[in-house]
Each structure stands twice: as structure tokens, then as C-alpha cells.
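Q: need a structure here:
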Amino acid sequence: MFARHTLSAVRRSLPICTRPARRTIHITPIAQRKKEKVVVEDLFGDEGGFEELIKSQPTSTASKTAGEPIASTSSFGSDGTVNAAAVKKEYQPQPQVRIKLSPEKRAKKFEEIIKFVKPRLGRKPEVTAPRVRNSAWVNLIGLAANEGQLKRVVDLFPGWKESGREFNDQISEDFVRRCEELSCPLLALEVFGDFSKYNLRLTLPGARQLIHSLQNQHPLEKVMAVTALYSVYQLPPISGDLISCAMVISACFKHGSNDSIVVGKALLPALHQMLNQQEPLPVSKKPLEKSLDKPRTWLRGALKRVDETLLTMNGEKTKWLEQWRIASQHIPNPSVQQSS
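A: Residues are numbered from 1 along each chain as shown. Modelled structure (predicted):
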């Protein structure tokens, strides 16, 4: 039943992937951040410590619609790759005093922020001033050291909605990343599966990361549940987003059932068409660009599995896929190796 419904949805979405011209995927730069006195040294540390939650001004986030480039708040753009020139020109971190907290101090900081935030949420908060800043959520998500602590943060989400506030895209994407880092992507799936309760909007970069976090260690049904959320959050269809499409096909082939193979094969024409329209995407070896380049890395890994599976199925190489991987420097060029 699952496969038939999924295959039907895939087929309906295939025409949407038509593109008039070849395109180039690029990444928008990370937003410049104001100089902070103290930051916690981890993935989320550049938003300021708890001491700054009251004093700092909130970071403004421009509203974004699905399919448009994600600026300022995201580590990668809506199409998921690095624009090296833009990064070099615009990404200039401010000097900071970085403090690496011990597990004990980290836990204490987490509890302090929980204590600060909780009474300030809801329709009739116990405390009205100072208000909770977006940086409080960024810090809570970053300080959470395990799934249990992250669930405590999630339990506060409904109160933010009741306060008449909305989460920005940065918080949404930070949350998905942290769920993957703490090996609890099912928590993210639960949250994004109930927008009316948690009011956390799934973005295209976040959806890609959620698929990536589920594809290897969880049943295929969980991956397909994420694909169903694309239409809920008005994201491009799977058949119209190269990175998502490649990872879903890879997950289907990895699952290996007859139904999942059917779904994966149904998406191959869309993958073929998008690769024909897409310039090569080599994975950068430069530290800064590589750290921002996860979507390209995911694409490279997904296409590798798809290529290998098709070779096993068909007994011969898939020329269009092999040629694009060679052009993107994912694999060596056999003709160059032979001539050397």
C-alpha cells in the first residue's frame, strides 16, 4: 500500500521537474553576526551566551518562500551548494572570545536558559519582561547534549506559538541539524509532522538534512514520510530538487524491496533530466567551503549508491550518470587514467 501511494505521488510530480535551461546551483553566504562578548564553542556557539540573551538585539530574519535562495540564516542555499566568491567576499566572522564549556557548565547553562524561557511563554506568561530572544532557542538547541534535553526544548515550542511568536528558518534548520548530531531524527520528524502544535516550519535545506539523517539507519517509510512533508510546507517536489531526488532514490535502492525499487526507478527520469540541466558540482577541498558544502557531499554519496545499484541491476554502466559524476570529479576519468 505504501509503495503504490508513493509511486502514484512520484508519477504525478514528474512533469514539474521540466526546466527551460541549464542552471547553476549556488550557496548563499552565512549572515554576518554582531560581535559578541562570550560564545559557547560548538556548532551553535556564535549566537552568544546566556548573559547576552537579555542585552542583545534580536537578529532580523527576512521572510523566505520555498524555492527561493535561503539567505542569512541558513548554512546553505535553497539549491544547496557553495558560491565560493560570495563566501570569500561576504563571510567575515567578527573576532570573538570563545569559551569551551565543560559538560557540567554546559548542563548548568542549559538549565539557566530553560528557567529563563519557560515562565515567559504562553498566552498569559508569568514574566513579561525581558522578552525571550530568538538567540535563546539557538542556545538551547546547541546546548542540548542528548535526546532527553532536546525533547525538553521541544516541549517549550507550543508556548512560543501561544505567545504570538514565530520561529525563524535558522532555528528550524539548527533543530534538524542537532537532531541528526544527537541521533534522534525521529524527534524532528515528529515535530515537523505536527505544525499545528509546534509551529516549526520545515525549509528545503532542513528537509534535505532530515532525509539524510534518516536514510541509513531508519526504515524507508520514515524517509518517505519526509517526502510527504514537501507538499505540506510548499517545498519543491522531490522530482524537482536534485539533492532530495538523489537521496530518495539511493534510500529506495538501499532498502532493496520490490516496491522500493519500483519507486526508485520511477524517479530516475527526473534525476536524468536534472543532471542534464545541472553544471558539474565537484566537492570543494577548501576547509571553509567544505564545511558549508554538505549538500554536495550528500549528492556525491547518493549518486555513488545509485550508480553502483544500476550497474548491478543492468550489468552495465549508466552512461549519463557516469559522465556527470566524472565531470563533477566524483570519480576518475577512465580515459585519462588509460592515457597516463
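
Q: going forward, measure contacts between C-alpha atoms and count neighbours the same way
A: Fine.

Q: low-confidence regions, the stretch 1-150 of the chain specifically.
A: 1-98 (pLDDT under 70).

Q: which SSE is Lys151 in?
A: Assigned by DSSP states H and E, Lys151 belongs to helix 147-162.

Q: against which helices or strands is that helix packed?
A: helix 134-143, helix 195-198 (3 or more Cα pairs under 8 Å, 6 or more residues apart in numbering; DSSP states H and E).

Q: highest average neighbour count across the ones you listed?
A: Using mean count of other Cα atoms under 10 Å, the stretch among those with the largest mean neighbour count is helix 134-143, at a mean of 24.

Q: ok and that one relative to helix 147-162, angle-wise?
A: On the basis of axes from the mean of the first three to the mean of the last three Cα atoms, to 10 degrees, helix 134-143 is oriented at 160 degrees to helix 147-162.

Q: what's the end-to-end length of stretch 158-174?
A: 18 Å (Cα to Cα, to the nearest Å).

Q: just the buried residues of whatever helix or strand comes next after the helix holding Lys151, please?
A: Counting by DSSP H and E, the next helix or strand C-terminal to helix 147-162 is helix 169-181. Residues of helix 169-181 classed as buried: 169-180 (neighbour count, 16 or more other Cα atoms under 10 Å).

Q: that older thread, quick one: the helix holding Lys151 to helix 169-181, angle?
A: Going by the same axes, to 10 degrees, helix 147-162 makes 160 degrees with helix 169-181.

Q: where in the stretch 151-300 of the chain is pLDDT low?
A: 291.

Q: gap between His212 and Glu104?
A: For His212 relative to Glu104 (Cα to Cα), the value is 31 Å.

Q: more neighbours, the two?
A: Using other Cα atoms under 10 Å, the more surrounded residue of His212 and Glu104 is His212, with 23 against 9.

Q: secondary structure class for the more buried one?
A: Under DSSP: H, G, I helix; E, B strand; the rest coil, His212 falls in the helix class.

Q: was I right about it contacting Thr297?
A: No - applying Cα atoms under 8 Å as the test, His212 and Thr297 come out as separate, 10.8 Å apart.

Q: what is the burial count for Ala246?
A: With other Cα under 10 Å as criterion, Ala246 counts 27.

Q: just checking, next helix/strand downstream of the host helix or strand of it?
A: For Ala246, the host element (DSSP H and E) is helix 242-255. Following helix 242-255 in sequence order, the next helix or strand is helix 258-277 (DSSP H and E).

Q: in that next one, what's buried?
A: Result for helix 258-277 [16+ other Cα under 10 Å]: buried residues 259-268, 270-271, 273-276.

Q: now, which of those residues sits nearest Val153?
A: Ser260 (35.2 Å; Cα to Cα).

Q: tell me the contacts of the closest residue to the closest one other than its chain neighbours?
A: Nearest-residue entry for Ser260: Cys252, 4.9 Å, with adjacent residues in sequence omitted and distances by Cα to Cα, 6 or more residues apart in numbering. Neighbouring residues of Cys252 by Cα atoms under 8 Å, 6 or more residues apart in numbering: 220, 260-261, 263-264.

Q: switch to 6 Å and redo it
A: Counting by Cα atoms under 6 Å, 6 or more residues apart in numbering, Cys252 touches 260-261, 264.

Q: then Asn146?
A: Leu182.

Q: against Phe175, how distant is it?
A: For Asn146 relative to Phe175 (Cα to Cα), the value is 13 Å.

Q: would you mark the buried spots in the helix holding Lys151?
A: Result for helix 147-162 [16+ other Cα under 10 Å]: buried residues 147, 149-151, 153-154, 156-162.

Q: what does stretch 176-185 rub up against?
A: 146, 213.

Q: mind saving the C-alpha coords of it as PDB?
A: What follows is stretch 176-185 as a C-alpha-only set of coordinates in PDB (Å, rounded to 0.1, in the frame of the first residue of the first chain):
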ATOM      1  CA  VAL A 176      17.200  19.500  12.300                       C
ATOM      2  CA  ARG A 177      21.000  19.600  12.400                       C
ATOM      3  CA  ARG A 178      21.000  19.000  16.200                       C
ATOM      4  CA  CYS A 179      18.600  16.100  15.900                       C
ATOM      5  CA  GLU A 180      21.000  14.400  13.400                       C
ATOM      6  CA  GLU A 181      24.000  15.100  15.600                       C
ATOM      7  CA  LEU A 182      22.300  13.600  18.600                       C
ATOM      8  CA  SER A 183      21.000  10.600  16.600                       C
ATOM      9  CA  CYS A 184      17.300  11.500  17.100                       C
ATOM     10  CA  PRO A 185      16.000  12.400  13.700                       C
END
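
Q: and the gap between Pro119 and Arg131?
A: The value you get for Pro119 to Arg131, if Cα to Cα is used, is 10 Å.

Q: what's the neighbour count on Lys100?
A: 12.

Q: check Ala129 too.
A: Neighbour number of Ala129 under other Cα under 10 Å is 9.

Q: part of a helix, is it?
A: No - Ala129 is assigned coil when assessed by three-state DSSP, not a helix.

Q: quick check: it vs Ser135, distance?
A: 16 Å.
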